[in-house]
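Enquirer: Return atomic coordinates for the entry below.
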Amino acid sequence: MGAIAAWPELRNFALSLGLPQVEDAVSWGNPNLKAHGKLWCWWSPYVDAAVFKGRIEEREALRAADPATFLHHDHYAKHGLILVAAGRIERDWAEARLRRTWEEMAPKRWLATWKAGQG
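Expert: Residues are numbered from 1 along each chain as shown. So this is what the prediction gives:
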C-alpha cells in the first residue's frame, strides 16, 4: 500500500486503528474524525492535504526537513497543526501521529482505566 492520497483513505486508515472514542463528525461543513469529542484529523478545505494535530515547533521542523510533504497555509499558521500533502502521507508516520494525538487528547482517568484493561 502506498501513501495516503485522499480523505476517504485517511478516514478508513484512522478508523482501522481500532481506537475507542473515535467518531465521524462534521465541523464547519467539512467531514472529520473526532477523538474523545475533539477534532482529531481532517482534510483541509484550503489545500489538498491532511491536517493532523501537533505542535508548532514540530511542524516547523518537519517543514524545514521536507517542505514538499509538510505544507504551509496561512489559515493554520497560528495553530499547532501539521499539513501533509496528498499522496505523501506515509502510513507509519500517520499511525504514530494519530496514536500519540489520540492518547494526548484522552481524559487522563479514562486513559488509565483503558490502559489497565489492555494489559
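Enquirer: In stretch 60-76, which residues are buried?
Expert: 62, 63, 69, 70, 71, 76 (16 or more other CB atoms under 10 Å). Any C-beta I mention is one placed from the backbone N, CA and C, and that applies to glycine too.
Enquirer: Can you tell me which of the residues you listed is nearest residue 87?
Expert: Set against residue 87, the nearest of these by CB to CB is residue 69 (9.5 Å).
Enquirer: The closest one contacts residue 93, doesn't it?
Expert: No. Residue 69 is beyond contact range of residue 93, at 9.2 Å (criterion: CB atoms under 8 Å).
Enquirer: Next, show the common contact partners of the two.
Expert: Residues touching both residue 69 and residue 93 (CB atoms under 8 Å, 6 or more residues apart in numbering): residue 84.
Enquirer: mind checking how far stretch 46-61 is from the chain centre?
Expert: 9 Å (CA atoms, centre = their mean, to the nearest Å).
Enquirer: Run through the residues that contact residue 28.
Expert: Applying CB under 8 Å, 6+ apart, the residues contacting residue 28 are residue 45.
Enquirer: If I look at residue 119, what pLDDT would I see?
Expert: Note on residue 119: pLDDT of 61.
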